[in-house]
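Student: What shape does this take:
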Amino acid sequence: MSAGTVVLVGCGQMGAAMLRGWLARGAAEAFHVVEPAGVPPALAASPGVSAYRSAADLAANLAPDAVVFAIKPQIADQVVPDYRRFARPQTVFMSIAAGKTIAGLARHLGDAAIVRVMPNTPAAIGRAISVACANGRVSAAQRELCDGLLAAIGESTWVADEALMDAVTAVSGSGPAYVFLLIETLAAAGEKAGLPADLALRLAEATVAGSGELARQSADTPARLREAVTSPGGTTRAALDVLMAETGLAELMDRAVAAATRRSRELAS
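Tutor: Numbers count the residues shown, from 1 in each chain. Down below sits the predicted model:
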């Protein structure tokens, strides 16, 4: 379902990625983009896009189908109240501010239809995975509209229990950083083993990308795919004996996800 008018609040890395996807897919007839630092010129010049520096610059009679907050959670309490004037049954508010709860947003927006979303940075290439949670005022048509907006940056799914969003944030929201760290450390280890730096990085990037795509397309579980690469007494087994030790990767990942989950809860309000 396409929208008539979308207000996008924030046009940083994630907001710009979403807007590029929306424009490519024709997700709405008109986009009103509010970014104090200025909308990137190429996007501001796109057909259907109107750029503003503040909420006060938006027309008083504007009646958007969706208002999307692509802002940092630390400024949400200062920014969101400026958009309460758009709260009406026909408008859905969608927030991607990490940790900001539906109840916290409702304190600023009143009796509004609110959807909390956690996307991730592969949105920049249309490969995000977004998880959404709605309050009871969001209609089926508004869910469909949100699905259409999120489809422009990748795939999406819904959860009914908002308490799951902190763990979602820790796994998929923060997860790209874990994968980038894997590439970084794998390349560095290859360089220490004697590979030229550029070759080590190319091998690490291609291996992670290819393995991730294989895991997506294969009917086998990740564990089965790992076992298929591992020969008894071979090189992979020698490496996995280190990574799968008691204090190895699994224990580190448990601690990392737990830490990110706690921080997401701390940011909630």
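
Student: Stretch 64-84: how far from the chain's middle?
Tutor: Offset of stretch 64-84 from its chain centre (Cα atoms, centre = their mean, to the nearest Å): 16 Å.

Student: mind listing what's buried in that stretch?
Tutor: The neighbour-count check on stretch 64-84 (16 or more other Cβ atoms under 10 Å) flags 64-71, 73, 76, 79-80, 83 as buried. All C-beta spots, glycine's among them, are computed from the backbone N, C-alpha and C.

Student: end-to-end on it?
Tutor: 12 Å (Cα to Cα, to the nearest Å).

Student: Stretch 240-250 now?
Tutor: 11 Å.

Student: quick revisit: in the buried residues of stretch 64-84, which has the lowest confidence score?
Tutor: Lowest pLDDT among the buried residues of stretch 64-84: Pro73, with 87.

Student: Now do the helices in this protein.
Tutor: For the chain, the helices defined by DSSP state H cover 13-25, 41-44, 76-79, 102-109, 140-151, 165-168, 175-192, 197-217, 222-229, 235-243, 249-267.

Student: For the ones you listed, give me JSON lines that also has distance to Val159.
Tutor: Formatted as JSON lines, the helices of the chain follow (distance: least, Cβ to Cβ, whole Å):
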{"stretch": "helix 13-25", "distance to Val159": "20"}
{"stretch": "helix 41-44", "distance to Val159": "31"}
{"stretch": "helix 76-79", "distance to Val159": "21"}
{"stretch": "helix 102-109", "distance to Val159": "12"}
{"stretch": "helix 140-151", "distance to Val159": "13"}
{"stretch": "helix 165-168", "distance to Val159": "7"}
{"stretch": "helix 175-192", "distance to Val159": "16"}
{"stretch": "helix 197-217", "distance to Val159": "21"}
{"stretch": "helix 222-229", "distance to Val159": "22"}
{"stretch": "helix 235-243", "distance to Val159": "31"}
{"stretch": "helix 249-267", "distance to Val159": "14"}
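
Student: ranking those by burial, who's on top?
Tutor: Stretch with highest mean neighbour count among these: helix 165-168 (a mean of 24; mean count of other Cβ atoms under 10 Å).

Student: which other helices and strands contact it?
Tutor: Under the contact criterion of 3 or more Cβ pairs under 8 Å, 6 or more residues apart in numbering; DSSP states H and E, helix 165-168 touches strand 113-118, strand 128-134, helix 249-267.

Student: so which of these gets nearest Ala103?
Tutor: Nearest of the helices and strands packed on helix 165-168 to Ala103, taken as Cβ to Cβ: strand 113-118 at 9.1 Å.

Student: Contacts for the closest one next, please.
Tutor: 89, 91-96, 98, 100-102, 105-106, 130-135, 137-139, 142-143, 146, 150, 156, 162, 165, 168-169, 172-173 (Cβ atoms under 8 Å, 6 or more residues apart in numbering).

Student: I'd like to know which of the residues you listed are buried.
Tutor: 91-96, 98, 100-102, 105-106, 130-135, 137-138, 142-143, 146, 150, 156, 162, 165, 168-169, 172-173.

Student: that older thread, got CSV for the helices and strands packed on helix 165-168, with distance to Ala188 too?
Tutor: Shown next, in CSV, are those (distance: least, Cβ to Cβ, whole Å):
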stretch, distance to Ala188
strand 113-118, 30
strand 128-134, 27
helix 249-267, 16
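
Student: For Glu144, see how far away Ala30 is.
Tutor: Per Cβ to Cβ, to the nearest Å, Ala30 is found 19 Å from Glu144.

Student: For the protein, which residues score under the pLDDT cut-off?
Tutor: Low-confidence regions of the chain, defined by pLDDT under 70, span residues 1-2, 269.

Student: correct me, but Leu58 touches Thr5?
Tutor: No: the criterion here is Cβ atoms under 8 Å, and Leu58 misses it with Thr5 at 10.6 Å.

Student: Identify the contacts common to these two.
Tutor: His32.

Student: Show me how the chain divides into domains.
Tutor: 3-165, 175-267 (automatic domain parsing).

Student: Identify the residue nearest the geometric centre of the protein.
Tutor: Pro119 (1.8 Å; Cα atoms, centre = their mean).

Student: follow-up on the earlier one: so which of the helices and strands packed on helix 165-168 comes closest to Arg216?
Tutor: Nearest of these to Arg216, taken as Cβ to Cβ: strand 128-134 at 10.5 Å.
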